[in-house]
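Colleague: coordinates only, sequence not included:
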């Protein structure tokens, strides 16, 4: 039987988000699949094993400060803020994933290879600085400029939604706090030194960096020697702060998407056509949530064929979930059970969910097989027939009423089981669990 593909932290992400920021959610809050996926991704990074309570507090403080800026600007020009946010929203996840990947690559370089670790951390810093921060800071800086009635054009993002981080210097002069949390971890000299190859790796895991300014020599950054540990800490600060800024955008999205959509300030964009691997992963994820294991996918011209296997009934029980940090461990109890569902109802729901991802004129065929590959039935339909129904639910009585649209339907009343998980219940905090292989763990 296939192993679970989702991180257990995903079960804790939303409850932790509600615990940390529930006081900021308003009565119009709308949590979409997009915001849920972002919450899962953000909290998987901020709650993982190498994080401390200090990291989490810094993340929360940044999220609250950035969200405050967004809301202050939103009071004056809500339509303009919504439209600026819409320019970047589809690019947040790719930029976040790209930055996370380069940071992971840097962490995975063996300590015995300090020269390569230095290069990788410099690259990671540049990717975060240019690819992520310039994107996610844009709506926040724009909202701040609106709330302060700033006339400086630098506070207006480019047509692609990005903004120059040099604007943070001007922002610092107008801010009422002791520091600008958007700027934590930002060092333009480090980014410039690496981008223009103004660095030299030294012995003993050190690097010398410099950032000359031929137009303003007095503002040149003289050579500095940075130990690898200091460079790693700078990357860590920037990463945690970026997660906090993205969290502020999540809060803004949840509290304002409904009104922005209802008033026509933003329009839903057509999802881009997925490549074969992306479509495979998307259908696999949808199938898993609906009570199936995906065993195969074939796309040929306008025909999409999917092979699924139903899940068996699991054991109703409470599971223990341990979250290990550097300085403590948290224990949660998670109630788990299985719910019986008709396969025909679940497949109808799957087809509705797949509408944005498959060519509209396609025929979709779904074959259901046992774990031993014995056929249990099949279903086929022209996708336009599903689209034209505009179904709002997939309850058994609704599905029974529209089953006539299926060209092939030998599913009958066969069932599958959907895995359900309750809200994680916090039990308590204990000492850090020893790592496998250490003497304490034996």
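Modeller: Alright, I've got the coordinates. Nothing here was measured: the structure is a model prediction, and the numbers come from that model.

Colleague: For the rest of this, base every contact and every neighbour count on C-alpha atoms.
Modeller: Will do.

Colleague: contacting residues around the helix or strand containing residue 397?
Modeller: Under the criterion of DSSP states H and E, residue 397 resides in helix 396-402. Outside helix 396-402, the residues that touch it by CA atoms under 8 Å, 6 or more residues apart in numbering are 342, 344-345, 348.

Colleague: Could you measure from the residue lying closest to residue 127 once chain neighbours are set aside over to residue 242?
Modeller: Distances taken as CA to CA, 6 or more residues apart in numbering place residue 99 nearest to residue 127, at 6.0 Å, with adjacent residues excluded. Per CA to CA, to the nearest Å, residue 99 is found 10 Å from residue 242.

Colleague: Residue 38 now?
Modeller: Residue 38 sits 13 Å away from residue 242, going by CA to CA.

Colleague: which stretches of the protein aren't confidently modelled?
Modeller: Within the chain, the stretches falling below the threshold (pLDDT under 70) are 1-9, 48-50, 176-178, 267-274, 323-327, 432-442.

Colleague: What residues of the longest helix anywhere in it count as buried?
Modeller: If you go by DSSP state H, the chain has its longest helix at helix 228-262. By 16 or more other CA atoms under 10 Å, the buried positions in helix 228-262 come out as 228, 231-232, 234-257, 259-260.

Colleague: Over to stretch 345-365?
Modeller: 345-352, 354, 357-359, 362-365.

Colleague: Residues in contact with it: which ones?
Modeller: Under CA under 8 Å, 6+ apart, the answer for stretch 345-365 is 270-274, 279, 283, 286-287, 290-291, 302-306, 378-384, 386-387, 391, 394-396, 399.

Colleague: Could you say which helix or strand holds the residue nearest to residue 147 when sequence neighbours are not counted?
Modeller: Leaving aside its sequence neighbours, residue 147 sits nearest to residue 73 (CA to CA, 6+ apart; 4.5 Å). Element membership for residue 73 (DSSP H and E) is helix 53-76.

Colleague: List the buried residues in that helix.
Modeller: Neighbour counts over helix 53-76 (16+ other CA under 10 Å) mark 55-56, 58-60, 62-74 as buried.

Colleague: Which parts of the stretch 201-350 of the chain are helices?
Modeller: 228-262, 276-290, 343-354 (DSSP state H, counting those that start in this stretch).

Colleague: Format those helices as a markdown table; extra columns: distance to residue 420.
Modeller: Shown next, in a markdown table, are the helices of the stretch 201-350 of the chain (distance: least, CA to CA, whole Å):
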| stretch | distance to residue 420 |
| --- | --- |
| helix 228-262 | 24 |
| helix 276-290 | 9 |
| helix 343-354 | 15 |
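
Colleague: And these: which comes nearest residue 331?
Modeller: Ranking the helices of the stretch 201-350 of the chain by their distance to residue 331 (criterion: CA to CA) puts helix 228-262 first, at 23.5 Å.

Colleague: now the longest helix of the chain and helix 53-76, what's the angle there?
Modeller: 30 degrees (axes from the mean of the first three to the mean of the last three CA atoms, to 10 degrees).

Colleague: From the contact counts, what lies against helix 228-262?
Modeller: Counting by 3 or more CA pairs under 8 Å, 6 or more residues apart in numbering; DSSP states H and E, the packing neighbours recorded for helix 228-262 are helix 33-46, helix 53-76, helix 78-88, helix 114-127, helix 134-147.

Colleague: Which among those helices is found nearest to residue 187?
Modeller: Nearest of these (CA to CA): helix 114-127, 9.4 Å.

Colleague: what does that closest one contact?
Modeller: Here helix 114-127 makes contact (CA under 8 Å, 6+ apart) with 98-99, 102-103, 105-107, 109-111, 190-191, 194-195, 201, 204-205, 207, 228, 231-232, 235.

Colleague: Report the buried residues of it.
Modeller: The neighbour-count check on helix 114-127 (16+ other CA under 10 Å) flags 114-127 as buried.

Colleague: List the contacts of stretch 191-198.
Modeller: 122-123, 125-126, 129, 199, 209-211.

Colleague: and with 10 Å instead?
Modeller: By CA atoms under 10 Å, 6 or more residues apart in numbering, the residues outside stretch 191-198 that reach it are 119, 122-130, 189-190, 199-200, 208-212, 221, 223.

Colleague: ok so, going back, buried subset of the contacts of helix 114-127 as a PyMOL selection?
Modeller: Buried residues among the contacts of helix 114-127 (16+ other CA under 10 Å), as a PyMOL selection:
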select buried, resi 98+99+102+103+106+109+190+191+194+201+205+207+228+231+232+235
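
Colleague: Return the subset of the contacts of helix 114-127 lying in strands.
Modeller: Members of those lying in strands (criterion: DSSP state E): 201, 207.

Colleague: Pick the one among the contacts of helix 396-402 closest to residue 146.
Modeller: The shortest approach to residue 146 among the contacts of helix 396-402 belongs to residue 348, at 46.5 Å (CA to CA).

Colleague: any idea how far the closest one is from residue 100?
Modeller: Between residue 348 and residue 100 the distance is 36 Å, computed by CA to CA.

Colleague: residues contacting residue 387?
Modeller: 351-352, 355, 360.

Colleague: meant to ask about residue 319, not that
Modeller: By CA under 10 Å, 6+ apart, the residues touching residue 319 are 332-336, 421, 424.

Colleague: same thing with residue 81?
Modeller: Contact partners of residue 81, counting by CA under 10 Å, 6+ apart, are 70-71, 73-75, 139-140, 142-143, 146, 252, 256, 260, 265.

Colleague: And residue 105, by the same measure?
Modeller: Residue 105 touches 99, 117, 120-121, 123-124, counting by CA under 10 Å, 6+ apart.

Colleague: Redo those residues as a markdown table? Include distance to residue 34.
Modeller: Listed next are these as a markdown table, based on distance: CA to CA, whole Å:
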| residue | distance to residue 34 |
| --- | --- |
| 99 | 19 |
| 117 | 34 |
| 120 | 31 |
| 121 | 30 |
| 123 | 29 |
| 124 | 26 |
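
Colleague: biggest separation within the buried residues of stretch 345-365, which pair?
Modeller: 345 and 359 (22.2 Å).

Colleague: all strands for the stretch 301-442 of the chain, in order.
Modeller: For the stretch 301-442 of the chain, applying DSSP state E, counting those that start in this stretch gives strands covering 303-310, 317-324, 329-342, 363-369, 375-382, 408-409, 415-421, 425-430.

Colleague: Indicate which one of the ones you listed is closest to residue 170.
Modeller: Residue 170 sits nearest to strand 317-324 of all these, at 40.4 Å, using CA to CA.

Colleague: Can you get me a residue count around the residue lying closest to residue 138 once chain neighbours are set aside?
Modeller: Excluding the flanking residues, the one nearest residue 138 by CA to CA, 6+ apart is residue 163, at 5.2 Å. Residue 163 has 23 neighbours, counted by other CA atoms under 10 Å.
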